[in-house]
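[1] coordinates only, sequence not included:
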């Protein structure tokens, strides 16, 4: 029997296995492999596009380090964006302590990627251009869909920002579009689209007394990292209040009810971010993360004298207040911190710092419970970069769900 005959025979006997065993086997495969399985038969196609199977596959991804990692976006005014993924289970065998960055080559030539990546969730990325074009892409499988375009009736081009998250009530992904346009007066509008269900955007109306915008245009992007999703709510900074840090707040938008509330910004973080003090300065940005099993946190790295520190302020819902802890970054670890810092968390909830200098990236990982730091160098990223480079970092994981 030839190789092709053996393969065909093996495939034909798989559906004869008990379904629960077959589902368990397939759930342990990477999303990219499962997409290839869809072409084998109607049976495999139906199974791998089943929503319940996709949810189980994503849940399992949280427990398997090989199926979770981080996504890095690198862009500048002079070059197209470059995208890399890093997996914490893939250390370079020849260089202990080095993680290998893998270039997402299939994204390089896509024209839509010249838009802005400012939202990532569940292994999906959402890119939007200022004129309202929105594309959602599955990092694992390469699938992408273009969403309907909103027709804006304004003599001046609008500015838009799209945020992608999951609605736990409808069990679907939704996108919140925030737009502002100038037609004699500055006007803010908000739209919702359910991916795979809505054929057009739905405008939602909020009180004009508290408009919000997640837009983070120059010169403010260095002060903000990505939004964060926790239990059906997406949290992001309201940049309409950026000029007055005493009024600066966080927007908590609930996708199920399509409503929002406001959380005050920690006064200590506001003052340290807005005032220049040569003896105590902030390095780059403050990150918005989910830590310690589901709490909202603001993370900030700063330097006082010759010592680096990391502040973690967590929002206590029951007390409606922020609680802050400060930890010292060990001297041997702090040498990796030079130009800028970006923040995210990994699959076990540890805080991940991406540190960039002129020659390389380094990653610092901090465990809040054990209070242990780890450090990795990052290999595989092309250097040097041109000036004005914008670096973003997001948590990602395997996702087999179809976007249709």
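    Ah, there it is. Owing to the predicted nature of the structure, the values given are computational and were not obtained by experimental measurement.
[2] would you mind splitting this structure into its domains for me?
    Taking automatic domain parsing as the reference, the chain has its domains at 3-57, 62-397.
[3] out of these, which one sits most buried?
    Of all these, domain 62-397 has the most neighbours on average by mean count of other CB atoms under 10 Å, namely a mean of 17. In this view, the C-beta of every residue, glycine as well, is placed from N, C-alpha and C.
[4] how long is it end to end?
    End-to-end distance of domain 62-397 (CA to CA, to the nearest Å): 8 Å.
[5] can you offset everything so residue one is 359?
    In the new numbering, first residue 359, that becomes domain 420-755.
[6] what separates it from the chain centre, distance-wise?
    The chain centroid and the centroid of domain 420-755 are separated by 5 Å, computed with CA atoms, centre = their mean, to the nearest Å.
[7] quick one on the thing from earlier: export the domains of the chain to a markdown table and tack on mean pLDDT and distance to residue 762?
    Shown next, in a markdown table, are the domains of the chain (pLDDT from 0 to 100; distance: least, CB to CB, whole Å):
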| stretch | mean pLDDT | distance to residue 762 |
| --- | --- | --- |
| domain 361-415 | 73 | 9 |
| domain 420-755 | 80 | 6 |
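[8] ok, residue 646 touching residue 656?
    Yes. The pair residue 646 / residue 656 is scored as a contact, 6.1 Å apart, by CB atoms under 8 Å.
[9] hang on, the earlier thing: out of the domains of the chain, which is closest to residue 761?
    Each of the domains of the chain has some distance to residue 761 by CB to CB; the shortest is domain 420-755, at 4.8 Å.
[10] what about residue 488, distance to residue 537?
    Using CB to CB, to the nearest Å, residue 488 is found at 10 Å from residue 537.
[11] what's the overlap in contacts for those two?
    Common neighbours of residue 488 and residue 537, counting by CB atoms under 8 Å, 6 or more residues apart in numbering, are 516-518.
[12] OK, contacts around residue 431?
    Going by CB under 8 Å, 6+ apart, residue 431 touches 439-441, 475, 748-752.
[13] quick check: residue 403 is in a helix.
    Yes. Assigned with DSSP: H, G, I helix; E, B strand; the rest coil, residue 403 falls within a helix.
[14] ok, back up a step: can I get the shared contacts of residue 488 and residue 537 in CSV including secondary structure?
    Formatted as CSV, the shared contacts of residue 488 and residue 537 follow (three-state DSSP):
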residue, secondary structure
516, coil
517, strand
518, strand
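[15] looking at these, which is nearest residue 692?
    Of all the shared contacts of residue 488 and residue 537, residue 517 has the smallest distance to residue 692: 37.5 Å, by CB to CB.
[16] does the closest one touch residue 537 like I think?
    Yes. At 6.9 Å, residue 517 counts as touching residue 537 under the criterion of CB under 8 Å.
[17] redo the contacts of residue 431 as a markdown table? Include distance to residue 555 and secondary structure.
    Output for those, formatted as a markdown table (distance: CB to CB, whole Å; DSSP: H, G, I helix; E, B strand; the rest coil):
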| residue | distance to residue 555 | secondary structure |
| --- | --- | --- |
| 439 | 29 | strand |
| 440 | 33 | strand |
| 441 | 28 | strand |
| 475 | 24 | strand |
| 748 | 33 | strand |
| 749 | 34 | strand |
| 750 | 28 | strand |
| 751 | 30 | strand |
| 752 | 25 | strand |
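[18] state the distance from the spatially closest residue to residue 432 that is not a sequence neighbour to residue 739.
    Spatially, and ignoring its direct neighbours in sequence, residue 432 is nearest to residue 440 (4.7 Å; CB to CB, 6 or more residues apart in numbering). Going from residue 440 to residue 739 by CB to CB gives 8 Å.
[19] wait, what's in contact with residue 524?
    Residues near residue 524 by CB under 8 Å, 6+ apart: 479-480, 530-532, 587, 590, 613.
[20] what's the farthest-apart pair in those?
    530 and 587 (13.9 Å).
[21] just the contacts of residue 524: which are in strands?
    479, 530-532, 587 (DSSP state E).
[22] need those residues in JSON lines (columns: distance to residue 666).
    Formatted as JSON lines, the ones in strands among the contacts of residue 524 follow (distance: CB to CB, whole Å):
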{"residue": "479", "distance to residue 666": "30"}
{"residue": "530", "distance to residue 666": "42"}
{"residue": "531", "distance to residue 666": "38"}
{"residue": "532", "distance to residue 666": "39"}
{"residue": "587", "distance to residue 666": "29"}
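[23] what is the nearest of these to residue 707?
    Nearest to residue 707 among those: residue 587, at 14.1 Å, using CB to CB.
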